[in-house]
Every structure is written in C-alpha cells, then in structure tokens.
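Trainee: Mind looking at a prediction? Sequence and model below.
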Amino acid sequence: MPNSGHNRDAEASKLGMWLFLFTELLLFGGLFIVYMVYRTLNPESFLIASFELDVAMGTFNTIVLLVSSMTIAMSITAIQLGDAKKSIALLITTMALAMVFLVVKYFEWSAKIHHGLFPGHEVYQNLPPGESLFFFLYFFMTGLHALHIIIGGVIIAVVIYRTNKGLVNQDRFTLTENAGLYWHLVDLIWIYLFPLFYLIH
Amino acid sequence: MIQNAENIKEKEHHHISSYKEHFSTLMALLLLTVITVAISVFGADLRTMSVFTALLIATVKVIVVSYYFMHLKYDKKIYTWLVMIVAILFISFAVLTIIEYLNR
C-alpha cells in the first residue's frame, strides 16, 4: 500500500523542516547584507526615507504577528493534549491574524504607491539615489516577506483540513509542528525587518 | 542511572509546552517590542535608536521565539547547534563585509 504510514519518521521530518528554514534564513540573510551595505553607503538618505514609513502601522503588524506566533504554538499544545477542536480554533485564529497583517500591509503599500514611491513612478525616479534604494529594498523585502505570509496561510489551511479529517491527531502532529516552525520563521524575519526599516531614526 | 531513566522517559513522552508558558513568552516579546518602539519614537531627539540597538533588541526577541515557540529548549541539542552554526556563518560574513568596507 502506498504511504501506509509505516515509514513515518517524525524526527526526520522536523530535521528536514529545519534544514529548509536555514535556506530561507540565508535567502533573507543575503538581502539583509545588501541592505547593510547600502545603508552604510547612504546613511543620510536612508534616515530621511525611513521617516516616510508609518511606525504605528508597523508596530500594529508586529504585535499581530507575535500574537499569531503564540496562537500557532498553542495549537500544537492543544493537538498534543488531544483537543483537535481547540487546535483548529487556534489555527483559524492564526490564519485570521495573517489576513489582518496582509490587509494592513495593503494599506501601507497603497499609501506609498499613491505617493509615487514605487519603483518606476516619476516621484521615485527623481528621488536622491540613496532614498530610491531604500524604497526599492523596502518593497522587495517586505514583498518577499508578505509572500511568505501567504504561503504560511496556505500551509495552515492544509493543517486545518487534515486535522479536521483526523489525519493530524494526538499521536501524529508533526504537520502542525512543522507548520508552526515555518510560521515562526516568518515572524522571525519580520522581527528584523520592522526595526531596520521603520525604527532606526 | 537516574539520568538514563529520565532520558528514556523523555523519549516516550514528547514534551508539551503549557498554554501559560506560551502566554508568558508572548508577554516578554510584547514588552521588548514596546521598548524598541519607545526608544525609537520618544527618544528620537536623542538619536538613540542606532542600527546596533535595533539589532540587539531584535536578536533578543529572535532568541526568545526560537527557544520557546520553536521548541529549541526541549528539542535535541543538535537543533540548537545547527542554528548556531548557521548564525555564526552569517554573522562572520556580515562582520567581515563591514570590516572590508571600513578598511578602504
């Protein structure tokens, strides 16, 4: 029988997930080094440009992601204790918080694009070189991060579906754990993105 | 002997973090967020939020998330070692890049 479950190895699955997370870390790590070098070359421009970002919205989204990290961690506790209903409720909460994050991000991006700060706009083209670099990195890095939020949301939806069908249960919760690890990574990246773009004044 | 017995017990029973522990972790993270935002917003005229301060507080938050939420505290030590190897690799490259720039 294909995939009858006899070859299941929870430890190997988790190790595999961690190895994948390392490639993600190095992907963003490379971008952070680009940011670091350009910031060192254009300290004044980066400072001026960073005041364009909305600290209140950024702080709100940081809190949203931190709370969502807690709810997904709690959903693992719930499934381990055998409470599938509670686990699903917590996963749905996590997904809802992911949506809130994306909606806030949408309004933030819209405001910036409206002001012509998106690469390609006339205002953007006429910015001092350092400032346009800041906005280029801002859109690319938060955009890549938002893509991870969307992927994370899809993964959580799969976990909800499989938990609901009983495929994820008290004895088999590796999927929930791995989804949690991915979601925490998305949170970790935001923990660095937020101060570097919004707070260094 | 006692330690061996405990090890076997841990293998059989996956450690389950309590809801309370997760909640406390969140509180710690929110506190750190408030501190970092406060330094940036209210200390703006003091020019206190340097890249160094921002990275320092962010790193403390990342350690808290990985230690408690990502379960490194209770997992096999190999995971902590792997994370540290990747972190050291990345930090040395970043630091060497800065040193290279400053020696120009």
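Mentor: That came in fine, so what should we check first?
Trainee: Following element in sequence after the longest helix along chain A, please.
Mentor: Secondary structure assigned by DSSP state H gives helix A:129-164 as the longest helix of chain A. Downstream of helix A:129-164, the next assigned helix or strand under DSSP states H and E is helix A:174-194.
Trainee: Roughly how far does the residue nearest the centre of chain B sit from chain A?
Mentor: Closest residue to the average C-alpha location of chain B: B:Ile63 at 0.9 Å, with Cα atoms, centre = their mean. Counting by Cβ to the nearest Cβ, to the nearest Å, the gap from B:Ile63 to chain A is 10 Å. For the C-beta atoms, the positions are set from N, CA and C on the backbone; glycine is no exception.
Trainee: One more: B:Ser40?
Mentor: Distance from B:Ser40 to chain A, by Cβ to the nearest Cβ: 4 Å.
Trainee: what's that residue in contact with, if anything?
Mentor: A:55, A:195, A:198-201, B:48-49, B:54 (Cβ atoms under 8 Å, 6 or more residues apart in numbering or on different chains).
Trainee: Mind splitting chain B into its structural domains?
Mentor: B:2-73, B:76-104 (automatic domain parsing).
Trainee: Ok, which of those comes nearest A:Lys14?
Mentor: Proximity to A:Lys14, assessed across the domains of chain B by Cβ to Cβ, is greatest for domain B:76-104 (8.0 Å).
Trainee: can the closest one be found next to chain A?
Mentor: Yes. Interface with chain A: domain B:76-104 contributes B:76, B:78-79, B:82-83, B:86, B:90, B:93-94, B:97-98, B:101 (Cβ under 8 Å from any Cβ of the partner chain).
Trainee: can you give me the strands in chain B?
Mentor: For chain B, applying DSSP state E gives no strands.
Trainee: Touching, A:Tyr38 and A:Leu137? I think so.
Mentor: Yes. Between A:Tyr38 and A:Leu137 there is a contact under Cβ atoms under 8 Å: 6.9 Å.
Trainee: filter the contacts of B:Ser40 to the buried ones?
Mentor: Burial by neighbour count, judged by 16 or more other Cβ atoms under 10 Å in any protein chain shown, picks out A:55, A:195, A:198-201, B:49, B:54 from the contacts of B:Ser40.
Trainee: hmm, who's touching stretch A:150-164?
Mentor: With contacts defined as Cβ under 8 Å, 6+ apart, stretch A:150-164 is touched by A:72, A:79, A:84, A:87-88, A:91-92, A:94-95, A:98-99, A:102, A:168-169, A:175-176, A:179, A:182-183, A:186.
Trainee: quick one: low-confidence parts of chain B?
Mentor: B:1-13, B:44-48 (pLDDT under 70).
Trainee: follow-up on the earlier one: in the buried ones among the contacts of B:Ser40, which has the lowest confidence score?
Mentor: pLDDT across the buried ones among the contacts of B:Ser40 is lowest for B:Met49, at 70.
Trainee: so that one touches B:Ile35, yeah?
Mentor: No. B:Met49 is beyond contact range of B:Ile35, at 10.9 Å (criterion: Cβ under 8 Å).
Trainee: of all the buried ones among the contacts of B:Ser40, which comes closest to A:Gly143?
Mentor: Looking across those and measuring by Cβ to Cβ, the closest to A:Gly143 is A:Tyr198, at 15.6 Å.
Trainee: is it true that the closest one touches A:Gly58?
Mentor: Yes. Using Cβ under 8 Å, A:Tyr198 is in contact with A:Gly58, at 4.1 Å.
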